[in-house]
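Q: Would you be able to build a 3D model of this:
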Amino acid sequence: MRPLSSLAAALAVAMLATSCSLGQSGEGDADADNTQGVTDDAVIIGTHQPLTGAAAPGFRHVSSGARAVFDYINDNGGIHGRRIEYQVQDDGFDPAHTQEVTRTLLEDHEIFAMLGGLGTPTHESVIDELNDQGVPDLFVSSGALAWDQPEEYPYSYGFQVDYTREAKVQGQFLAENFAGDDVALLYQNDDVGPASHAGIEQYLSEEIVAWESYDPGVPELSGQIAAMKESGAEIAVCYCIPSYLGLAVMEAAATGYEPQWVAPSFGGDVRIVTGLIEEFAEGTPAEDIPPEAFLDGLIMTAFLPMVSQSDDPWTAFYRDIHEQYNEGTPFTDTTIYGMAQATLFAQVLMEVGPDLNREALLTTLNSHEWTGPGLVPFAASEDDHSGYTGVMVIQHHAGEEIEILQEPMSTDGGGGAILAFELERPTPDEVVLSDGDATG
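A: Below you'll find the predicted structure:
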């Protein structure tokens, strides 16, 4: 198979030749591209997700959450008379496979937009192709800074708080509340590492005594944990996906290393990690330890409501949808993540109106302030594609609701201050997601 870049080049040549020989027909082709995936009664969108592979246990519920919201919308009349057709392709968290499944979405399914493509190395492998073809690339499921480059990637938009902002808030919190403690960092060996370091090191410098990376394709952390233990660090910050957070806390416990663990929003889904620990512990001495004990006291950051926040109106709304459309699957924080992405996409489609095309979608996205389930401001404009702009700091206590240690704060991806803010957060009843909501 030819790489996506080759296909893009061939397509560009073909379009140029057609426009030169047929005059006005080039405009017709452009109009067709602008409305690709849109019919009178449907809009087709796609995504690449790790439904199998090392990242699957932590993230397979993202797409099931999004699909549940789209099923709810479709059962309530759709959006301006159109159903949402949600095409999910499994890329196994492998960039080469991501290119293949993206080609399938573009050529076979002829999607209108990509929604929530998951993973930093995976999505980086297709971002050029999506932008070259003018495909809206919305709400990428990764905190890399690459998605917020509107001059280079005008069609791509972030969603989750970027790694630098999140690490800034963590760094400031640790500096203020654990002054004098040494810190060890464990991080994934892609863009997660440098971007996270750029944030946490604004507030912690001499305190960081160990930097240990892991390869997401190698399920082994004994060397890294041994080095962290040897450093004497009292705080262990794990910029890890859920499966590696589970491995890390188990390995540390097995060696008698008991630091205060700190995790980011993309890795700290307690229900997922607890299930993984239970799985990892089978046949080992750890199987006699309640799996929830490993995560008791875990400090995390979050920008969306969490499953354990039962009194949050969005959590309650999403739980009702989950019970109706996702029977037999767990309701997790990553489920809510996918549901929030689908909610925001539906809000934008509703605001565009019945005359839907790619240009109108992006113009609408850039020209409104978007509020909904998120706990912090959401940035989407011609000059800022960053997505959610901050986090709250929370602590998990086994068997109890989370404890909020620091209310949500917002910041930038550079050296700006971390600030409190005022956000008028609507309830689900105040947000129109479907034709049924509009007329009900």
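
Q: ok, and what's touching stretch 319-335?
A: With CB atoms under 8 Å, 6 or more residues apart in numbering as the test, stretch 319-335 has contacts from 58-59, 61-62, 64-65, 67-69, 71-72, 268-272, 275, 302, 304, 306-307, 318, 339. From N, CA and C alone the C-beta is placed, and that goes for glycine too.

Q: again, 6 Å this time
A: With CB atoms under 6 Å, 6 or more residues apart in numbering as the test, stretch 319-335 has contacts from 59, 61-62, 64-65, 68, 71-72, 269, 271-272, 306-307.

Q: How about stretch 98-111?
A: 4, 36-37, 44-46, 48, 87, 89, 91, 122, 125-126.

Q: Include distance to Gly353 when you put the contacts of stretch 319-335 into TSV, please.
A: Shown next, in TSV, are the contacts of stretch 319-335 (distance: CB to CB, whole Å):
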residue	distance to Gly353
Phe59	33
His61	32
Val62	28
Ser64	29
Gly65	26
Ala68	25
Asp71	23
Tyr72	21
Asp269	36
Arg271	39
Ile272	38
Met306	34
Val307	34
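
Q: Most neighbours out of the contacts of stretch 98-111, which is it?
A: Greatest neighbour count in these, by other CB atoms under 10 Å, goes to His48: 31 neighbours.

Q: Give me the secondary structure label for it.
A: Using DSSP: H, G, I helix; E, B strand; the rest coil, the structure places His48 in strand.

Q: for the chain, which residue is closest to the average position?
A: Ser141 (3.0 Å; CA atoms, centre = their mean).

Q: Could I get the pLDDT score of it?
A: Ser141 carries a pLDDT value of 97.

Q: So what does it have for phi and psi?
A: As for Ser141, its main-chain torsions (degrees, to the nearest 10) stand at phi -90, psi 80.

Q: which residue packs closest to it, ignoring adjacent ones?
A: In space, and not counting its chain neighbours, Ser141 is closest to Leu118: 3.8 Å by CB to CB, 6 or more residues apart in numbering.

Q: In contact with the one you found, which residues?
A: Going by CB under 6 Å, 6+ apart, Leu118 touches Gln49, Phe59, Ser141.

Q: Distance check, it against Val62.
A: Per CB to CB, to the nearest Å, Leu118 is found 6 Å from Val62.

Q: And for Ser243?
A: On the measure of CB to CB, Ser243 and Val62 end up 15 Å apart.

Q: Mind checking which of those two has more residues around it?
A: Legend: neighbour count by other CB under 10 Å for Ser243 and Val62, higher for Val62 (27 against 23).

Q: Could you check which helix or strand contains the more buried one?
A: Per DSSP states H and E, Val62 falls inside helix 56-75.

Q: got a list of what Ala54 touches?
A: By CB under 6 Å, 6+ apart, the contact set of Ala54 is Pro216.

Q: quick one, phi psi at it?
A: Backbone geometry at Ala54, expressed as degrees, to the nearest 10, gives phi -60, psi -30.

Q: Look up how far Asp94 lies from it.
A: Separation of Ala54 from Asp94 (CB to CB): 10 Å.

Q: List the contacts of Thr411.
A: Shown in contact with Thr411 (CB under 6 Å, 6+ apart): Arg165, Lys168, Gly390, Ile418.

Q: same deal with Gly416?
A: Listed by CB under 6 Å, 6+ apart, the contact set of Gly416 is empty.

Q: picking that back up, now the phi/psi pair for the residue nearest to Ser141, please.
A: Here is the backbone geometry of Leu118 (degrees, to the nearest 10): phi -110, psi 130.

Q: could you dump the next helix or strand after the helix holding Val62 to PDB, C-alpha only?
A: Next along the chain after helix 56-75, taking DSSP H and E as the criterion, comes strand 83-90. What follows is strand 83-90, C-alpha atoms only, in PDB (Å, rounded to 0.1, in the frame of the first residue of the first chain):
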ATOM      1  CA  ARG A  83     -28.300  10.800  12.300                       C
ATOM      2  CA  ILE A  84     -24.700  10.600  13.500                       C
ATOM      3  CA  GLU A  85     -23.000   7.600  11.800                       C
ATOM      4  CA  TYR A  86     -19.900   6.900  14.000                       C
ATOM      5  CA  GLN A  87     -17.200   4.800  12.400                       C
ATOM      6  CA  VAL A  88     -14.600   3.400  14.800                       C
ATOM      7  CA  GLN A  89     -11.400   1.800  13.500                       C
ATOM      8  CA  ASP A  90      -9.100  -0.200  15.700                       C
END
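
Q: orientation of the helix or strand just after strand 83-90 relative to strand 83-90 in degrees?
A: Beyond strand 83-90 on the C-terminal side, the first helix or strand identified by DSSP H and E is helix 95-103. Counting by axes from the mean of the first three to the mean of the last three CA atoms, to 10 degrees, helix 95-103 lies at 150 degrees to strand 83-90.

Q: buried sites along helix 95-103?
A: By neighbour count on 16 or more other CB atoms under 10 Å, the buried set for helix 95-103 is Pro95, His97, Thr98, Gln99, Val101, Thr102, Arg103.

Q: likewise stretch 256-269?
A: Tyr257, Pro259, Gln260, Trp261, Val262, Ala263, Pro264, Ser265, Phe266, Gly267, Gly268, Asp269.

Q: Could you pull up the mean pLDDT of that stretch?
A: Mean per-residue pLDDT for stretch 256-269: 95.

Q: and of the contacts of stretch 98-111, the nearest to Gly372?
A: Closest approach to Gly372 among the contacts of stretch 98-111 (CB to CB): Ile45, at 18.1 Å.
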